[in-house]
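Colleague: Show me the folded form of this:
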Amino acid sequence: MFYLMILIFVLGYTAIAMEHTIKIDKAASALFIGVALWTVYMLNNTTILNLGFSPSWTATQGSVDITHFIVEELEHHIIEIAQILFFLLGAMTIVEVVDQHEGFKIITDKITAKKKVKLLWIIGVITFFMSAALDNLTTTIVMIALLRKLIDDKKTRWMFASIIVIAANAGGAWSPIGDVTTIMLWIGGQVTAAAIIKSLLLPSIINIVVPLTILSFILKGTIEKPKKENDEKEYTSVRHRKIIFAIGVGSLLFVPIFKTYTHLPPFMGMLLGLSILWITTEIMLAKKAPEYRKKLNVYNVLKRIDTPTIFFFMGILSAVAALQSAGHLAQLGGWLDDVTNKNVYVINIVIGILSSIIDNVPLVAGSMGMYSIQSAGVFAVDGTFWEFLAYCAGTGGSILIIGSAAGVAAMGLEKIDFMWYLKKISLLALIGYLAGAGTFILFN
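Modeller: Next up is the predicted model:
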């Protein structure tokens, strides 16, 4: 039954990777394997735990019965998973509110460059820092919406969209709120906000600067803007947008400060920011016409939240938690240590490259299960392993278009061809990834 759990996870993850081929949403597959693994674990607990692969069971064996132990393990993991999900739900809602109120037009309306190289750097830099404040997925969606207003040629737009993917992943890696994987490590206590920014800012900058520099010698000419269409009705004034943008982005940036001073979990700070933004919108819309209130109120925004993504994270994190409790991840960690001679740099570089094929969320969740936080050394809080894991898992997904949430979003929105990305962008992304990794290793 120990190996049956592995088989269920592999088959389920294959279904997730092939969701477009088999026409089954990845959230459904993730939820199934999450529940299935815990069910197999519970129904065959004696057989599995008696193999002696679960460190937590070995430590408590004899003091509690197996069923009670597994229930406690599940409850412990659910608390950790719920914190991540509430954090993401709050962040996604804040961003959707700002977007619905046209707050991001404050940035997009100021971009007027026509030369390809100049626009490339502007788009790359804006995406890099916006991703750190928001998240890589949301930033990608916002910036590709901008591209459609700036660039008419499809292949040129693909090139810029690909740079957005690399920049969004690089920007998300060094911020505690910029990527789901970094959020997981931050909430899990493996890293702190100040330390992750200090350690990963330079490697992340190198990660995006190298591809941008190479492309600067390749791209020539100017862009052609699409023909103007009839202007859509605007529901907000410039002042209205500025207020919502300031409160929304300020709420996101306030979360690390909130955690530092209150010592409460980050999701509490995120929900506080959402409540303030929600109250503000209610006050601003109180005297508006019904048409405006219906369009801009938070109830309408909540319908736009990507709920399947929340279910996907819940399922995949639950599945990885089951493998951790049953001892699979401890075995995998031991194997990696033997193969790499416990070289944390090699381990993480491999994890980063794998994240271009396998979603980085389960890889990071698995790594958190394989290795525990120690009082000192590379596995201590803000240790080399955890910081390098945040970089590698966050940026390695750029190597393939399907390797990150940002890439998948860009692929869906712009219909970017997988093979085109592989031929034109993958090598650039790999060079940037290795350059950033080399920078981190050099300084450590």
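
Colleague: pretty sure Glu19 contacts Tyr13?
Modeller: No - counting by C-beta atoms under 8 Å, Glu19 sits too far from Tyr13 to count as a contact (10.9 Å). From N, CA and C alone the C-beta is placed, and that goes for glycine too.

Colleague: where's the closest residue to Leu302 other than its chain neighbours relative to Met314, distance?
Modeller: Closest residue to Leu302 apart from its sequence neighbours, by C-beta to C-beta, 6 or more residues apart in numbering: Thr93 at 6.7 Å. Per C-beta to C-beta, to the nearest Å, Thr93 is found 17 Å from Met314.

Colleague: now do Leu11
Modeller: As defined by C-beta to C-beta, Leu11 lies at a distance of 19 Å from Met314.

Colleague: quick one: Ile16 and Lys26 touch, right?
Modeller: Yes - Ile16 lies in contact with Lys26 (C-beta under 8 Å); the separation is 4.3 Å.

Colleague: By mean pLDDT, which helix or strand of the chain comes out lowest?
Modeller: helix 55-60 (a mean of 64; mean pLDDT, DSSP states H and E).

Colleague: give the contact list for Phe104.
Modeller: Val98, Val142, Phe245 (C-beta atoms under 8 Å, 6 or more residues apart in numbering).

Colleague: Three-state assignment for the last one, please.
Modeller: What it means is Phe245. Assigned with DSSP: H, G, I helix; E, B strand; the rest coil, Phe245 falls in the helix class.

Colleague: Check the second one too.
Modeller: With three-state DSSP as the basis, Val142 sits in helix.

Colleague: residue contacts, it?
Modeller: Counting by C-beta under 8 Å, 6+ apart, Val142 touches Asp99, Phe104, Thr108, Met130, Leu134.

Colleague: how much space is there between it and Ala30?
Modeller: Val142 sits 26 Å away from Ala30 when distances are taken as C-beta to C-beta.

Colleague: count of neighbours near the closest residue to Phe87 other than its chain neighbours?
Modeller: Leaving aside its chain neighbours, Phe87 sits nearest to Phe267 (4.1 Å; criterion: C-beta to C-beta, 6+ apart). Neighbouring residues of Phe267 were enumerated by other C-beta atoms under 10 Å; the total is 22.

Colleague: Could you do the one 10 residues further on as well?
Modeller: Other residues within reach of Leu277, judged by other C-beta under 10 Å, total 24.

Colleague: Quick check: the residue nearest to Phe87 touching Ile81?
Modeller: No - counting by C-beta under 8 Å, Phe267 stays clear of Ile81, with 11.3 Å between them.

Colleague: In this structure Lys26 contacts Glu19, no?
Modeller: Yes - in this structure Lys26 lies within contact range of Glu19 using C-beta under 8 Å: 4.5 Å.

Colleague: Compare neighbour counts for the two and give me the winner.
Modeller: Using other C-beta under 10 Å, the more surrounded residue of Lys26 and Glu19 is Lys26, with 23 against 17.

Colleague: Report the contact partners of that one.
Modeller: Ala15, Ile16, Glu19, Pro308, Phe312.

Colleague: switch the cut-off to 6 Å
Modeller: Contacts of Lys26 were listed using C-beta atoms under 6 Å, 6 or more residues apart in numbering, and they are Ile16, Glu19, Phe312.

Colleague: just curious, which of these is nearest to Leu201?
Modeller: Nearest to Leu201, judged by C-beta to C-beta, of the contacts of Lys26 is Phe312 at 29.3 Å.

Colleague: Ile401 falls within a helix, correct?
Modeller: No - counting by three-state DSSP, Ile401 falls outside a helix, being coil.

Colleague: Ramachandran angles for it?
Modeller: phi -60, psi -30 (degrees, to the nearest 10).

Colleague: That one and Tyr421 touch, don't they?
Modeller: Yes - Ile401 lies in contact with Tyr421 (C-beta atoms under 6 Å); the separation is 4.1 Å.

Colleague: Endpoints of stretch 411-419, how far apart?
Modeller: One end of stretch 411-419 sits 12 Å from the other (C-alpha to C-alpha, to the nearest Å).
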